[in-house]
Each structure stands twice: as C-alpha cells, then as structure tokens.
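In: Quick one, fold the following:
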Amino acid sequence: MPDCEFLDTPGQDPIELLGLLADIRRTNSRFGGRRLILHALHRLTRAINTRPITLLDVATASADIPCAVAEWSRARREPFRIVAL
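Out: Got it, this is the predicted structure:
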C-alpha cells in the first residue's frame, strides 16, 4: 500500500488528475459539502469577534471549498485569511 493518497502520488497522468479533481468539486457541490461549510462559517462569524478569521484547509485537493469561502466572505465583507495546502 502506498504511503500517500492516490492524488498525491508522483507521476500522475495530468488528464486523469484533472478528472479526479473535477469529481471532488462535483461531489462537494451535489452532496452539500460546500453548503455545510458555508453554513458553519455563518454561525462561526457571529460567535467569534476576532477579525480576520483564519481558515486552514489541509489536503484541499481542488481548492473548491477555500474558493467558495473566499467568494462568500467577499460578498459579506467578512475578512478571512485563507491558507490552503
């Protein structure tokens, strides 16, 4: 068994990798992952007084979640610092 996740395996076929990342974005959209995060952030921003709020997304894959958070925070003028790895 490899020591890293399939997406992180060196030498990935670029076309296959793009397809896998598209699948992750589609899954987050269809099954509510993105919506769940944004709902939680709405509640979090009301509960935390410190600004900017820092969001750390580890193993972000296609980065669709941090991108959605950035769009959400700009629309609401909520200052966020986003770190995506």
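In: buried set for stretch 78-85?
Out: Applying a neighbour-count criterion of 16 or more other CB atoms under 10 Å, one finds 78, 80, 82, 84 buried in stretch 78-85. For the C-beta atoms, the positions are set from N, CA and C on the backbone; glycine is no exception.
In: Could I get the contacting residues of the residue most central in space within the chain?
Out: Residue closest to the mean C-alpha point of the chain, counted by CA atoms, centre = their mean, is Ile65 at 2.4 Å. Ile65 makes contacts with 28, 33-34, 37, 57, as judged by CB atoms under 8 Å, 6 or more residues apart in numbering.
In: Show me just the buried residues among those residues.
Out: Neighbour counting by 16+ other CB under 10 Å classes 28, 33-34, 37 among those as buried.
In: Just the ones of the residues you listed in strands?
Out: Assignment to strands by DSSP state E places none of the buried ones among the contacts of Ile65 there.
In: in this structure, which spans are helices?
Out: With DSSP state H, the ranges of helices along the chain come out as 14-30, 33-47, 64-76.
In: For Asp8, find the nearest of those helices.
Out: Asp8 lies closest, by CB to CB, to one member of those: helix 14-30, at 10.2 Å.
In: now the closest one, how far from the centre of its chain.
Out: Centroid displacement of helix 14-30 relative to its chain, using CA atoms, centre = their mean, to the nearest Å, is 13 Å.
In: low-scoring stretches of this structure, by residue?
Out: Judged by pLDDT under 70, the chain has its weakly predicted residues at 1-5.
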